[in-house]
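Engineer: Build me a structure from this.
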Amino acid sequence: MEARKIIDSTIERTITKDNNGNIVSDESTMQTHLRLVNKEPAYMKLYLDDISLLKQLTKIENLILHEIFKITQYNTNRVILNKFYRDGICESLEIKDQTVRNAISKFAKLDLLIKEGVGVYILNPFHFGIGEWSELRGLRMVIEYTNEGKKIEIKGIDNND
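Structural biologist: Below is the predicted model of the structure:
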């Protein structure tokens, strides 16, 4: 991945005075640091409605997905979907909790959401990213296939390529 250059400059001025307040010395030093920052990779813009169409979501499931994005944590793709937050979605869309629960289950089966714990999910980083690319690029999905099925987890990786 190509990197772009960022130059940080710091100017420090030191003034030394004697006991009478007269300036004895006045020095300025400048420090310059060059750092390389990875550019965002090439991407294709895709709207939630398009993902909903590709994943064959119903209109209400699409609306629920939009509500989930509103409560997703920035830079982690983590979303808490316990009763309190589901009630907020229900109130916003004027639907029942079971409808939201069914949608969450469907999103998990479609790998749009990855279960992290009780009522806690991660938006699949290969489909969605909410936050700064410099933070999100370290999220990777690891899929492990076993005789019992597949296990999906999200791991952070070192961003210093």
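Engineer: in which helix or strand would I find I130?
Structural biologist: Under the criterion DSSP states H and E, no helix or strand holds I130.
Engineer: now swap in E61 and tell me
Structural biologist: helix 59-70.
Engineer: so what strands line up beside whichever helix or strand comes after that helix?
Structural biologist: Next in sequence after helix 59-70, counting helices and strands by DSSP H and E, comes strand 78-80. Next to strand 78-80 in the sheet, as set by DSSP bridges, lie strand 120-123 (antiparallel).
Engineer: T16 contacts N22, correct?
Structural biologist: No: T16 lies out of contact with N22 (C-beta atoms under 8 Å); the separation is 10.0 Å. Just so you know, the C-beta spots here come from the backbone N, C-alpha and C atoms, and that holds for glycine as well.
Engineer: Touching both of the two, which residues are there?
Structural biologist: Counting by C-beta atoms under 8 Å, 6 or more residues apart in numbering, T16 and N22 have no shared contacts at all.
Engineer: secondary structure class for T29?
Structural biologist: Secondary structure, DSSP: H, G, I helix; E, B strand; the rest coil: T29 is strand.
Engineer: tell me the contacts of it?
Structural biologist: Going by C-beta under 8 Å, 6+ apart, T29 touches 11-12, 14.
Engineer: switch to 10 Å and redo it
Structural biologist: Taking C-beta atoms under 10 Å, 6 or more residues apart in numbering as the contact definition, T29 lies against 10-14.
Engineer: Quick check: which ranges of the protein have low pLDDT?
Structural biologist: In the predicted model of the chain, residues 1-3, 37-47, 133-146, 149-161 satisfy pLDDT under 70.
Engineer: can you tell me the distance between the two ends of stretch 61-78?
Structural biologist: Taking C-alpha to C-alpha, to the nearest Å, stretch 61-78 runs 19 Å from one end to the other.
Engineer: can you put the contacts of T29 in TSV and add secondary structure and distance to A103?
Structural biologist: Below are the contacts of T29 laid out as TSV (DSSP: H, G, I helix; E, B strand; the rest coil; distance: C-beta to C-beta, whole Å):
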residue	secondary structure	distance to A103
T10	strand	51
I11	strand	55
E12	strand	56
R13	strand	60
T14	strand	62
